[in-house]
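K.L.:
have a look; sequence and predicted model below, questions after that.
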Amino acid sequence: MNDVAADPAMEAAVKYVSACEEVLAVANACLEAANPAVAARRQIAECQNGPQGPGTPIAIRNFTRMAEEKEEEFAPRYAGFEESRARAREAAAQLLAAKGQYDAEMVLMLNFEEGVLDNVATVKVILRASYGPTPARFIQGVKETNELLEDPSPEAGNIYTPAPRPS
């Protein structure tokens with residue numbers, strides 16, 4: 001890696017990569033709470049309306065308790081997720097604005113391993129997707145992200161830029 005202090009673009013790239021790593025870590029923490037919360041809510045619905053008839057009140061109460069506990073865990077994690085996305089967007093803007101020997105995309109390609117670049121490209125899509133403040137809406141955001149990853153935009157590069165507004 002180049003001397004970070006000597007190159008403003010490299011310094012901005014390191015900050016952007018770090019911000020992207022944080023987005024991924026916080027997204028995973030959100031999933032740790034969101035997945036069981038959504039599963040518990042699904043179990044409640046099946047207990048109440050399932051083809052085998054209503055479930056026992058004890059089962060419904062246990063699934064409700066689990067869902068509520070995981071939803072409670074999820075709320076502050078989601079707040080952290082949105083904060084990390086905002087920091088990553090800002091870091092992307094700073095990287096794109098940085099003046100160095102090479103353009104921002106080239107700085108990333110020359111200085112970071114492929115796995116890091118893959119993560120940065122994934123975060124670019126996470127920054128574009130719509131996530132919501134409930135476990136179910138967060139899971140929808142993950143699905144949207146996965147769909148966008150399967151059908152990437154024609155826009156090249158690993159650095160997030162705001163999507164163009166439709167005219």
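P.N.:
Looks like it came in fine.
K.L.:
Ala9 reaches Lys99, doesn't it?
P.N.:
Yes. Using C-beta atoms under 8 Å, Ala9 makes contact with Lys99 at a distance of 6.8 Å. Using the backbone N, CA and C atoms, a C-beta is placed for each residue, glycine as well.
K.L.:
what lies in contact with stretch 115-131?
P.N.:
Stretch 115-131 is contacted from outside by 16-17, 20-21, 23-24, 27, 78, 81-82, 85, 88-89, 92, 108-109, 112, 137-138, 140-142, 144-145, 148-149, 152, 157-160, 163, using C-beta atoms under 8 Å, 6 or more residues apart in numbering.
K.L.:
again, only this time at 6 Å
P.N.:
Stretch 115-131 has contacts (C-beta atoms under 6 Å, 6 or more residues apart in numbering) with 20, 23-24, 85, 88-89, 138, 141, 144-145, 148-149, 158, 160, 163.
K.L.:
select only the buried ones of these in PyMOL?
P.N.:
In PyMOL syntax, the buried subset of the contacts of stretch 115-131 is picked out as below (16 or more other C-beta atoms under 10 Å):
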select buried, resi 20+23+24+85+88+89+138+141+144+145+148+158+160
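K.L.:
just to revisit the earlier point, more crowded one of Ala9 and Lys99?
P.N.:
Ala9 (23 against 10; other C-beta atoms under 10 Å).
K.L.:
in which helix or strand does that one reside?
P.N.:
Per DSSP states H and E, Ala9 falls inside helix 8-49.
K.L.:
over to Thr161?
P.N.:
Using DSSP H and E, no helix or strand contains Thr161.
K.L.:
what about it, how many neighbours?
P.N.:
Neighbours around Thr161, by other C-beta under 10 Å: 14.
K.L.:
kindly report the same for Glu11.
P.N.:
Residues within reach of Glu11, counting by other C-beta under 10 Å, total 19.
K.L.:
measure it to Ala98 for me?
P.N.:
7 Å (C-beta to C-beta, to the nearest Å).
K.L.:
list the contacts of Ala97.
P.N.:
No residues are in contact with Ala97 under the rule C-beta under 6 Å, 6+ apart.
K.L.:
oh, I was asking about Glu147
P.N.:
Glu147 touches nothing, counting by C-beta under 6 Å, 6+ apart.
K.L.:
now the helix or strand where it lies, how far from the chain's geometric center?
P.N.:
Assigned by DSSP H and E, Glu147 belongs to helix 135-150. Distance of helix 135-150 from the chain centroid (C-alpha atoms, centre = their mean, to the nearest Å) equals 9 Å.
K.L.:
cool, and stretch 132-149?
P.N.:
Counting by C-alpha atoms, centre = their mean, stretch 132-149 is centred 9 Å from the centre of its parent chain.
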